[in-house]
Structures are given as structure tokens and as C-alpha cells.
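[1] For reference, the sequence and a predicted model appear below.
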Amino acid sequence: MPKLPVLGLFQDANNAADAGDALRQAGISDKDYDFLTDAPYPEGAFGERVEHHRLYIFPFIGAVLGLTSGVLLTSMTQMAYPLVQGGKPILSLPPMAIICYEGTMLGAILFTILGIMFESRLPSPKLGLYDTRITDGYIGVLVQCDEAQLGRVSGILTQAGAVDVKRQAAAAATA
Amino acid sequence: MQEGRALTPTQINRDLLRPILEQPKWFWPAVFVLSLIVLVGVSVAGYMINRGLGVTGLNRPVAWAFMITNFVFWIGISHAGVMLSAILRLAKAEWRRPATRAAEVLTIFALSTALTMPIMHTGRPWRAIYWLFPYDFARGVWPSVRSPLVWDPSAIMTYLTSSTLFVLIALVPDIAVLRDHTTGVAHRIYSLLSLGWQGNARQWKFQVVAGVLLSALILPVFVSVHSIVSWDFGMSVTVKAWHSTTFAPYFVIGAVHSGVSAVVFVMIILRQIYGWQDYIRKEHIDALGRLLIVVATAWFYFLCMEIIFGIYGREADELAMREMQFLQYPWNVLMIIFAGITYFLPVALWLPRTFRRNLWIMSFACISVNVGMWLERYLIIVPGLARKQVFTFTWQTYMPSWVELTLVLSTFGLVSLLLLLFSRVFPLIPLYDIKEGEFLRTSVQVGRRTVPATIRED
């Protein structure tokens, strides 16, 4: 049975954190609710779950691929067109190191960007249940729950001080 | 350092999105004038390409002059972005918040403009492509990686790609704000560009990590770019006056000097035209002024080292160039003007606090630095070449033609136009950064004084 989203909107960060506590006490898993904000609040401000990630692997993979590309590019092109310049060897290490360095950094940065997109789960094709007031400073508590729990979750959010609680119809959620 | 009044998220959105949601009356006239300047520049570039480099003042031995000077100048300006954004972000400097985006965007436009200069300078831009990029599979002719002219585009392209992605990643949350505040076609475009951003805890976590990680990765690239630009000169075998061992750090610090000055000037302009007095406050300009004193003095140290090393070694070529720079007219006059307007005048203006908080004086000082830094590159390039050298049998000086003057002036129009167009579509001050700063601000009671403070997360 698909879970349905409920969004509670809070004006105050303390109320939003209280809503998180109340949801946890009501037996809702911390994977089933999220806090939507318009700015990066300090980590753990709402008592949200700790997000695990592997972002730091991405720049290393990118750097290795970038370095390899740099080595191949500089060595293969010079071997393919061996023109002696200024009495330097065909495979002259100092200039090769420069191109390889730039390749390494470019690879690391490109893969970091890819890693950030991947770990942030972007691009996301659907925005889901959302309210534009979030970018005006409201804090959204987005809960995914069974249809049977909708009323109880809405009640918890209202009790915690939500100024508005929005639900998405079952048909719309499954579409 | 928290002098401004407290701002609500709604107010921040309204103020910082105003240039995008409400079109200023002066916008299209300004775009028209700047486009005209760019169009004149493009036409002159077309004329030069059609007629050849004979229409410029370039000659033997002065084969590099205005266009290469302008190239180094714009590369220098581009260094402000990462220097300000990355170093201040890593140092968690609170006053970075309103400056980062404008600095990063200036980096992208200054770099793109810089790239046009050496390409035009080749005289046959269509041929430059296979000198630089390994694409000519059909004939098996490849670029020579032993040439500094290949290192340069590789560094610049790395820096340009990195800076562009850095800006784009940081723009996503602000584009989501625009998505929520627009309707119709604009809403659809911003929805697409916001990539489905919700603003959940995970997305914010990686937005913050991205800022730190990318800053740390771009910083070494930033240092490499201007070092490699200096090697364009330093590795040139025939021009002995360019062989100073301090060239790379001297170029890097010079770039930071001119770049940060340019950012301060851009910030003052933004503050005035968009009425962002609550965001770009005098305390920010003051802090940047203090930073500039340190940067300018570090740069002046390298300038002195460069001159002393040149003279102390007593190499004939070096002495000849120094004699030209210091004793021969007009170079000696230019040299005095250059040292005065790049270091002595601006630093004297930055020292008193009241001057650092006077926007007219700060604008004047920052323009002065940039005119001086342009002159610095000119004084490195032209006197270095305008002497009799090995295998050069003519000995001429250089006078720019109207073609070069127009091209150089049009690049200022191009960067201004690009900045203006960007500010019409995307916020030039990061909204989420300002909002974060607002909820982290507080005040502490110390004795009988209430002191503004900032909570910092480590």
C-alpha cells in the first residue's frame, strides 16, 4: 500500500522540532518524515536523522580518472606527432605534469559535482507535496504515512503548532 | 560584525529578488548602451580578423601588447571570485555572505572575456583551435604540450568549468525560491532549473558540504591558473627580462589585489543601483578594505623583490629593461604613476576607518588599483619586448592603434553587460546564505554593553 504525504507548516523552528519528537514518539520512523526549510539550519536542529553518505569517494575517483586522462593525452599525442622542440625530450615530464595536474583537478571537481547531485537525489522529477511558503521562512514537516494514519499524523502536526496541514489525495499520490 | 538590522525571510526574498521580479526602469537603456559597446567591439574584431594584425600597433619586436595585457588583466580580475568565496568560506568568515556570488559570477565573466583576447590576438582564431585542442584526428597533428600556450587554455578551461559548476550548484536553492515566486513561463523555466529542489535536510547538508569541498578543490586550481599565465612569460626563452623566479607568486597576488578591488567596486555599484543597503553594508566594505591593505602590501613586497632580483643579478638584458622602465620617457613616468595608483594612493586611502566606510573613496581607490594593475601588465610586457633581442633586427617601441583601444574598452562593456543580464535572471546575493546568517545572529551582554555576535557551527 503506497504511503501518503502530509505536510505541516510551522512558523517556529522549536515547534517544528517538537513535531519531529511527537512523530517519533507516535511510532513514525525517522525515515518517513523530513524537514523542509529555506536555509541550511544547523545539523540536528530539528532532531532529524543523521544522513550518511559517500561523497568523499567521488573526488578521488574523479582525480584518478582525470590523472589517467592527462597522462594518456599528453603521452599519446606527443608520441603520435613526435616533433622535437628546444632540445627537449618528446615525453618531457614538467610540461606533462602541468596538463596532468589540471586534468586531475578537473576530474576531481566534475566528480564532486556528480557526487553532490547523486547524494542530494537531484534532479528529482517530482517536487511532491510542497508549499511555496517554505521559501518564505516557514518550516515544512513532510510525513509519509499510511492512509489509516493520516488523521493521527495531521493531529500531531496541528498539536505541535502547525499553522497549516496539507494532505495529498490518494489518487494524486499514486499517479 | 553584525551592524545591520534584523531581516525576515520574506523581506530578504522581496529585496533580493526585486531586480528579477520588478524590472528597473533603467535596465533596458543600460543593456542597450552596453550592447552597443559590445557590438562595436565585435565589429572591430571582425575588421581586424579580415584585414590582419597589421591594423594593430603590433610590430617586431613588440608582438604582444594591448590584447595580451588585457588578457592578463581579466584573468587577474577572475581571481577575486574564488579567493573571496573559497578562502572566506573555509575560514567561516561571517562577512563573506553578500560578496560570494557576485565574486564568483565576476570570475566566470572575466575568464570568458579573457579567453577572447589571446584567441583574437592569434590573428586567425579558427586556427587557434588545433593549436590548443587535440581534435585533429584526420591529419594526426596534435598540440605541443611543451608549449606554455597549451598549458594556459588547459588551466583556464579547468578554472572556468569549475567556477561555473560551483556557481550553478550554489544557485539551485535560490532558483527554487524564484520558482516559488514566479508564474507562467518564468515559473516553468525556474522549475526546470531548480531540479526539483525541496530544501530537505539531506539536500541542505550536501549544499553546505559542496561549498566547503569545492572551495578546497578550486583553490589549488586558482593558484595554478595565474602561475601558468606567468609562465607564458617566464618560459619564453628569448625575452630574458621575464625570467624572474618570483613571477608566479607575484602574478597570483597581483591578481588577488586587482580582483578583490574589482569585487568591492561591483558590490558598491550593486548596493547603490538595487538599494541593497541592508545586505551590502559599510561593515562589509570596511572588512574588504582591511583585507586589501594586507593583499596590496604582499603584492608590493613581490614587486620590490622582482625589481631587486632583476637589478642585483646584473644581467645585461635585465639591466637594460630596468633602465628603460626607470629612466626612459615615457616608461619612467608610467612606472611612477603605476606604483602610486596601485599601492601608495589606495593603501593611504584604506588606512583610516572613515575612508574605508566612505563608498566614494572606496570606489575611487578600487578603480585606481585596477587602472594601476592594467598598467603593471603593460609595463611588464611592452618594455620587455621593445628592445633589441637575439634574432630581432629592428628596435621599435609600441603605440596602440584605435583597433586595440576599442577592443580593450569593449571588454569592459562585455563584462558589465553579462553581469547586468545575470542580475536580471538570478540573484547576485545568495538568499539562503543571508537567511542562514540572520538566524545565526545574536547578541551577548558584556558588562554594560550589548555586543552583536554570531553563532558559529563547527
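    Here it is on my side, so go on.

[2] which residues touch B:Val237?
    Contacts for B:Val237 (C-beta atoms under 8 Å, 6 or more residues apart in numbering or on different chains) come out as A:Gly86. C-beta coordinates here come from the backbone N, C-alpha and C atoms, glycine included.

[3] same thing but 6 Å
    With contact taken as C-beta atoms under 6 Å, 6 or more residues apart in numbering or on different chains, B:Val237 is in contact with no other residue.

[4] Would you double-check that it falls in a strand?
    No: counting by DSSP: H, G, I helix; E, B strand; the rest coil, B:Val237 is not part of a strand but coil.

[5] Can you report phi and psi for it?
    phi -70, psi -40 (degrees, to the nearest 10).

[6] how far away is it from A:Ile116?
    For B:Val237, the distance to A:Ile116 equals 44 Å [C-beta to C-beta, to the nearest Å].

[7] Stretch A:136-144 - what's its average pLDDT?
    When pLDDT is averaged along stretch A:136-144, the result is 92.

[8] and if you look at stretch A:83-90?
    What stretch A:83-90 shows for mean pLDDT is 83.

[9] Retrieve the pLDDT associated with the spatially most central residue of chain A.
    By C-alpha atoms, centre = their mean, chain A has its centre lying nearest to A:Ser120, at 1.2 Å. At A:Ser120, the model reports a pLDDT of 89.

[10] Let me know whether it touches B:Phe206 as I believe.
    Yes: taking contacts as C-beta atoms under 6 Å, A:Ser120 lies within contact range of B:Phe206: 4.4 Å.

[11] Tell me how far the most centrally placed residue in chain B lies from B:Thr100.
    Against the mean C-alpha coordinate of chain B, by C-alpha atoms, centre = their mean, the closest residue is B:Ile77 at 2.0 Å. Distance check for B:Ile77 against B:Thr100: by C-beta to C-beta, it reads 16 Å.

[12] what do you get for A:Pro5?
    A:Pro5 sits 34 Å away from B:Thr100, taking C-beta to C-beta as the criterion.

[13] More neighbours: which of the two?
    Ranked by neighbour count (other C-beta atoms under 10 Å in any protein chain shown), A:Pro5 and B:Thr100 place B:Thr100 first, with 25 against 21.

[14] Contacts only, for B:Pro400.
    Neighbour list for B:Pro400: B:57, B:66 [criterion: C-beta under 6 Å, 6+ apart].

[15] Just give me the neighbour total for whichever residue of the stretch 351-458 of chain B sits closest to chain A.
    Taking C-beta to the nearest C-beta, chain A has its nearest neighbour within the stretch 351-458 of chain B at B:Lys435, 3.8 Å off. Neighbourhood size, B:Lys435 [other C-beta under 10 Å]: 26.

[16] what does B:Gly81 give?
    Taking other C-beta under 10 Å as the criterion, the count of residues near B:Gly81 is 32.

[17] Disregarding residues adjacent in the polypeptide, which is nearest to it?
    Setting aside the residues directly before and after it, B:Gly81 is nearest to B:Thr107 in space (C-beta to C-beta, 6 or more residues apart in numbering or on different chains), at 2.8 Å.

[18] so how many other residues sit close to that neighbour?
    30.

[19] With B:Ala138 instead?
    As a burial measure, the neighbour count of B:Ala138 was computed by other C-beta under 10 Å and equals 6.

[20] repeat for A:Ile90
    Applying the criterion other C-beta under 10 Å, we find 13 residues in the vicinity of A:Ile90.

[21] cool, B:Val208 as well?
    The local packing of B:Val208 (other C-beta under 10 Å) involves 17 other residues.

[22] so what's it up against?
    The contact partners of B:Val208, by C-beta under 6 Å, 6+ apart, come to A:Pro40.

[23] Please list the residues of chain A that sit near chain B.
    Within chain A, the positions lying close to chain B (C-beta under 6 Å from any C-beta of the partner chain) are A:34-40, A:42, A:48, A:51, A:74, A:77, A:80-81, A:85, A:88, A:92, A:95, A:98-99, A:102, A:105-106, A:108-109, A:112-113, A:116, A:119-120, A:122-124, A:127, A:132, A:135-137.
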